[in-house]
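[1] Provided below are the primary sequence and the corresponding predicted coordinates.
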Amino acid sequence: MIKEADLNDLFGQMIHKMADLPPKQQRILAASLNLFAEKGFDKTTTEDIANAAQVAQGTVYRRFKTKDDLLAAVLTPILKDVFPQAISQFTGQAFETKYTNLHDFLTAIVTDRIHFIYENRQVLKIVWSQALTNSEMLVILRDRIGQAISEIVFPQIKKMQKQNLIIGWPADKILTFLAGTMFTFLTKLIIMPGHQIDLDSESDFMIRFLEEGLAANGDNHLV
């Protein structure tokens, strides 16, 4: 499994590079992300954020007038910069491998992504819950993330189709099938937060499910 920085790490690295963001404001954003992930947006107060960032409450409001403004300041760069970076980091390594069969391809992708989703489930929960009620964030999530994934995944899918290793569907349909399965796993984590989950069993089941659906079996093009 590919080792990569988690979303919190990538976010911290990104805000540290923002020249127009003073150190106190950097700490405020970092603390906000951690608290929103841990306690949820509604249960996090500006006092909590100020205490975690070791600043006065007035310092929080100096740049961010409301808690909603603070949430947007956290989520917008995650959607625009952190997610694409995480995707590029993963796919840049994952697709360097030459796969000789569909099972190995799915095992590499699914196993890694399940662990990534599980380890970053709190941040992903915030992003998805806000995207459901904020059309602008949903558009960013769809366009920026979708484009970043498709640019790297589509060539791999087409290469495997030429080798007759994967079903001859349009690449976007295959990607939707893969992404939908991963999203189902994330949804399970969100709606059953205390449920005990065996990641190896989840991976095995999802690999078998996807392999059944995506295996090349002669004339299996969509009409």
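    It's in.

[2] mind listing what's buried in the longest helix along the chain?
    Using DSSP state H to define each element, the chain has its longest helix at helix 171-191. Neighbour counts over helix 171-191 (16 or more other C-beta atoms under 10 Å) mark 171, 174, 175, 178, 181, 182, 185, 186, 189 as buried. To be clear about C-beta, it is placed using only N, CA and C from the backbone, and glycine gets the same treatment.

[3] also stretch 15-26?
    Those would be 15, 21, 25, 26, for stretch 15-26 by 16+ other C-beta under 10 Å.

[4] identify the farthest-apart pair in these.
    15 and 25 (8.4 Å; C-beta to C-beta).

[5] how far away is residue 100 from residue 154?
    Using C-beta to C-beta, to the nearest Å, one gets 20 Å for the distance from residue 100 to residue 154.

[6] give me the more crowded residue out of the two.
    residue 154 (15 against 11; other C-beta atoms under 10 Å).

[7] tell me which helix or strand that one sits in.
    Using DSSP states H and E, residue 154 sits within helix 146-162.

[8] which secondary structure elements does that helix sit against?
    Packing partners of helix 146-162 (3 or more C-beta pairs under 8 Å, 6 or more residues apart in numbering; DSSP states H and E): helix 83-94, helix 102-119, helix 171-191.

[9] list the buried ones in the helix or strand following the last one?
    Taking DSSP H and E as the definition, the helix or strand that follows helix 171-191 towards the C-terminus is helix 199-214. Of the residues in helix 199-214, those buried under the neighbour-count criterion (16+ other C-beta under 10 Å) are 202, 203, 206, 207, 210, 211, 214.
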